[in-house]
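A.B. asks: no FASTA, just this:
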């Protein structure tokens with residue numbers, strides 16, 4: 001299975017992290033490549049929001065497995081979708097957030113799929129999720145919204 005993930009640890013209660021990722025439009029607070037994030041149906045399982053990236057790409061996110069430990073979502077265009085897991089652990093003192101992206105790689109030829117993943121796609125998605133986690137950590141620790149491209153630009157989303 002192809003995936004990338006990033007995580008961050010906090011000296012904050014688990015509930016603080018849960019509240020931050022479950023607020024409607026939350027990506028506008030911490031996602032450095034987000035132009036807008038509007039909730040269309042909220043909260044809980046079957047929630048839907050729309051993420052518009054800085055480059056104008058627009059995706060709907062469809063949520064499932066919504067619980068006190070995070071949620072899973074599906075995001076992507078008509079042909080290619082990714083499953084993203086937002087996983088919260090912790091207690092009343094410390095917590096962590098782990099985000100895992102499981103992309104759908106469209107190549108049918110297994111060698112081409114492997115090469116595309118290992119030589120390009122994996123690094124692009126890892127860079128992307130690292131920026132998102134940096135933004136989340138910045139937001140949680142300072143209470144300030146991240147700026148567009150605050151931690152650098154991204155070829156796919158800036």
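C.D. replies: In hand now; what should we look at? For clarity, every value in this text was computed on a predicted model and none was experimentally measured.

A.B. asks: in this protein, which ranges drop under the pLDDT threshold?
C.D. replies: The model of the chain has no residue with pLDDT under 70.

A.B. asks: hey, which helix is longest across it?
C.D. replies: Ranked by residue count, the top helix of the chain under DSSP state H comes out as helix 122-142.

A.B. asks: Okay, buried residues for it please.
C.D. replies: Within helix 122-142, the residues that qualify as buried are 122, 125, 127-140, counting by 16 or more other CB atoms under 10 Å. Using the backbone N, CA and C atoms, a C-beta is placed for each residue, glycine as well.

A.B. asks: Among these, which one sits closest to residue 12?
C.D. replies: Checking those against residue 12 by CB to CB gives residue 140 as the nearest, at 6.1 Å.

A.B. asks: tell me which strands and helices the longest helix of the chain is in contact with?
C.D. replies: strand 4-10, helix 14-22, helix 27-30, strand 95-103 (3 or more CB pairs under 8 Å, 6 or more residues apart in numbering; DSSP states H and E).

A.B. asks: Let's see that with 6 Å instead.
C.D. replies: Helices and strands touching helix 122-142, by 3 or more CB pairs under 6 Å, 6 or more residues apart in numbering; DSSP states H and E, are strand 4-10, helix 27-30, strand 95-103.

A.B. asks: I'd like to check the angle between it and strand 4-10, please.
C.D. replies: Counting by axes from the mean of the first three to the mean of the last three CA atoms, to 10 degrees, helix 122-142 lies at 20 degrees to strand 4-10.
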